[in-house]
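K.L.:
Pasted the sequence and its predicted model underneath.
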There are 2 protein chains.
Amino acid sequence: MINKNNVTKIVLPESDIPKYWYNIVADMKNAPEPYYNPQTGEKMVPADMEAIFPKSLIEQELSKERYIEIPEEVRGYYQSFRPSPLYRARGLEKALDTPARIYYKYEGGNATGSHKLNTALAQVYYNKEAGIKRLATETGAGQWGCALSMATQMMGLDCTVYMVKVSYNQKPYRRDMMQIFGGTVYASPSEHTNNGRAILAKDPNCNGALGIAISEAVEDAVLHNDTNYALGSVLNHVCLHQTIIGQEAKRQMEVIDEYPDIVFACCGGGSNFSGMAFPFLQDKLTGKSNVQCVAVEPMSCPTLTKGVYDYDYGDTAKMAPIAKMYTLGHDFMPPAIHSGGLRYHGAGALISQLYHEGEISARAYGQLSVFDAAVFFAKAEGIVPAPESSHAICAAIDEAERCKESGEEKVILFCLSGNGYFDMTAYENYLSGKMQDSVFDESALQESLQKLPDLKK
Amino acid sequence: MINKNNVTKIVLPESDIPKYWYNIVADMKNAPEPYYNPQTGEKMVPADMEAIFPKSLIEQELSKERYIEIPEEVRGYYQSFRPSPLYRARGLEKALDTPARIYYKYEGGNATGSHKLNTALAQVYYNKEAGIKRLATETGAGQWGCALSMATQMMGLDCTVYMVKVSYNQKPYRRDMMQIFGGTVYASPSEHTNNGRAILAKDPNCNGALGIAISEAVEDAVLHNDTNYALGSVLNHVCLHQTIIGQEAKRQMEVIDEYPDIVFACCGGGSNFSGMAFPFLQDKLTGKSNVQCVAVEPMSCPTLTKGVYDYDYGDTAKMAPIAKMYTLGHDFMPPAIHSGGLRYHGAGALISQLYHEGEISARAYGQLSVFDAAVFFAKAEGIVPAPESSHAICAAIDEAERCKESGEEKVILFCLSGNGYFDMTAYENYLSGKMQDSVFDESALQESLQKLPDLKK
């Protein structure tokens, strides 16, 4: 046992990389709600997904098994960056003068700078096993595109990334990084798909949107037998792969005889939140702890805190499965904020159901508070955080300040899902005082909620 | 003992962070050559340096003690990012199909992305101990400025960085990062010093140069009692602080029962090379091994491979000590290459002497070969390397290819001193085929060698 009072970072040996992913479905009160086919409006069957996903991932998507073994080859790739470190935030505690003990799990230390690599490696592995030669995907800011480019490169697959055109032009560095890893990157809408060409025919100057990029990538996968589609968040199997984060964190806290009272993670589609929170939530669902798991979202895209729990399309192009989830409506267009990774209209189905069942809670913060927290954290801890991850930091600081008022010695744990090396424009915007605070358009929400799908139940 | 055939990265516990820095002076054949005062041309005495450095660092600069204890507080700061990992380059070995075993020590995993933080924390500590409230420094590309800004922030000192104006304008992201860490950054030449104002009076549009920035920072330190100057490379105490790199690497190889036949590190001023090579060189100097230590430099600034071993000014402004070193002449202006950190006209005094005595060797590579190696490495190992560090990669690949021809199972070790997150413009330049190869201007060298100083010996 290591004395928690002497430790700054807890590093586990490679042998402690989890051997299984944890599937929370096995411990949930109710079975997950079924998916619906966006084309037919009928209940989805596994075969509906085979045009774009390998059978092994579809099985994981629908699995009820508690533990799913991580293939040896995937664990081998994890070895180069896992187990990721858990830090005691001594600098932050001191700067806040709080009686709380604050810990964070840092997922930004790998080459692509975020937790996305955990699922990218798994998805590429299963696609390779299925004989697939190329993966197509979309990317906004580019973190997911980088992770998938790197993973395909390492296992010898090709990768085509449809990158939202405005990002392609404004954020060339992540585009460069994808190309360094051998990815082919197209500005979306592109001339390479029917969907892209149709949009360009109407509007040659179209700046693109994530929904368009998804439809191009899915079309690419559907039309080419050797090509599948890969998604970086939202779906159950993606959330599943991320559970190595929380499993490692549990083990790391165990080593210093700690256990969190409260766990924070940012939440867009939900892969980071699931990855961090689900292994702790397992303890709660099985009566072993009272840990509070809190999803932190941007005030300008407040899916859990202001959305409705209903069936909706997973994407604006209506190509992804229809799922029951907290949603702002698939047409809802959140304002441009610097946390591009959290601008998704819905929350993953499992997170939504757990939230609906009262097992987890959610908080929303505005952009200026989030950047205040990000810079405060960077000065105290020496890591420049990604804007997305800074939502979790913001909530953790908030909680620690409450502890200061109440005198509570709470144990706070949060996930630092990525670094902010590629977000310097956002920081410059903040430091120069030009950053806008979040706005939320209530009437746009009411309007987009009119467009939820009709299902054949 | 861990089986070397099963391991991808070797991570040591915090308790294995070295307790001492290793001072190679204690094991060198000959005593170091003295410094000369650039103003008087006479032998320098310690008091000459007290206007800009604390006594403790001057003592380290001139020390003959073999081991110098690392203060507990500095080790505490090291805990957040050290020991840094040692990787077995399995992906690279496979891609090269070489019988050589390749290892690299990765110093780019900390928040500022390079090894510079090792000495920044030490220098800030000793200055703080001496009652200094602020540090002034210069920075080119910005890695050193980031490291010093972060270190001063963590220990509560202020930091003023004179950043070469062309970089200030062209590389805003590192400037932003310094500001996030609380550093005050001025474009140099600035209106804040006599040196800066004098230059701007003559040429208001002057783009700046490292020599000008040094002279501004030194002036700032000389004129303010509460302010000292800090340098990121070249000097003995800077090289000393970096020896934790090589000490950790030795221990990591010991754990898997390995020892390098050959060690590569890039070399500009020499802090990275010293840090990596000196602890191994200790074995060679004391007859315990035959390890070959190779400094790798850019063909366009080939200090060791084409320079002369003579006394020269440390900077173009003639304010730093005159030292006996391999030099291209303090007026030599290397062409603009993307490895800004290696564009120094000389090599540190200790490295120069060891090279002169035949204890180490040197190789030079052109820019295109270096970027070929960088991209090859990124694809094989999944880390985008800094252009500076890629010189070591290039030499290691070269060596591994020779092993393939000869069938030798050599153990190759190199230092990956930093990541390339902030060098995407360079990669874009390379990927688009626009990158120029290195050029070396022999007649400029002959001209600049005419300007070596006269000393009163």
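P.N.:
Alright, I've got the coordinates.
K.L.:
only C-alpha atoms for contact and neighbour calcs from this point on.
P.N.:
Noted.
K.L.:
so A:Val308 makes contact with A:Thr327?
P.N.:
Yes. With contacts counted by Cα atoms under 8 Å, A:Val308 reaches A:Thr327, the gap being 5.6 Å.
K.L.:
higher neighbour count, those two?
P.N.:
Remark: of A:Val308 and A:Thr327, A:Thr327 carries more neighbours, 32 against 19, as counted by other Cα atoms under 10 Å in any protein chain shown.
K.L.:
Retrieve the pLDDT associated with the nearest residue to the more buried one once chain neighbours are set aside.
P.N.:
Once flanking residues are discounted, A:Thr327 sits nearest to A:Gly346: 4.2 Å by Cα to Cα, 6 or more residues apart in numbering or on different chains. Per-residue pLDDT puts A:Gly346 at 93.
K.L.:
Show me how far the lengthiest helix in chain A is from its chain's centre.
P.N.:
Once chain A is assigned using DSSP state H, the helix that runs over the most residues is helix A:387-406. Distance, stretch centre to chain centre, for helix A:387-406: 20 Å (Cα atoms, centre = their mean, to the nearest Å).
K.L.:
Can you give the strand pairings for the helix or strand just after it, parallel or anti for each?
P.N.:
Moving toward the C-terminus from helix A:387-406, the first helix or strand encountered (DSSP states H and E) is strand A:411-416. Sheet partners assigned to strand A:411-416 using DSSP bridges are listed as strand A:101-106 (parallel), strand A:262-266 (parallel).
K.L.:
got the buried residues for the longest one?
P.N.:
Think strand A:101-106. For strand A:101-106, the neighbour count (16 or more other Cα atoms under 10 Å in any protein chain shown) marks A:Arg101, A:Ile102, A:Tyr103, A:Tyr104, A:Lys105, A:Tyr106 as buried.
K.L.:
contacts for it?
P.N.:
Strand A:101-106 is contacted from outside by A:84-90, A:92-93, A:245, A:249, A:396, A:400, A:409-418, using Cα atoms under 8 Å, 6 or more residues apart in numbering or on different chains.
K.L.:
so what's the most centrally placed residue in chain A closest to, chain neighbours aside?
P.N.:
Residue closest to the mean C-alpha point of chain A, counted by Cα atoms, centre = their mean, is A:Ser271 at 3.5 Å. Leaving aside its sequence neighbours, A:Ser271 sits nearest to A:Cys239 (Cα to Cα, 6+ apart; 4.6 Å).
K.L.:
State the helix or strand in which the one you found lies.
P.N.:
Counting by DSSP H and E, A:Cys239 is found in helix A:236-241.
K.L.:
Which strands or helices does the helix or strand following that helix pack on?
P.N.:
Of the helices and strands lying after helix A:236-241 in sequence (DSSP H and E), the nearest is helix A:244-255. With contacts taken as 3 or more Cα pairs under 8 Å, 6 or more residues apart in numbering or on different chains; DSSP states H and E, helix A:244-255 sits against strand A:20-22, helix A:271-285.
K.L.:
and if we set it to 6 Å?
P.N.:
helix A:271-285 (3 or more Cα pairs under 6 Å, 6 or more residues apart in numbering or on different chains; DSSP states H and E).
K.L.:
Now do the helix it packs on against strand A:411-416: the angle between them, please.
P.N.:
Computed with axes from the mean of the first three to the mean of the last three Cα atoms, to 10 degrees, the direction of helix A:271-285 lies at 150 degrees from that of strand A:411-416.
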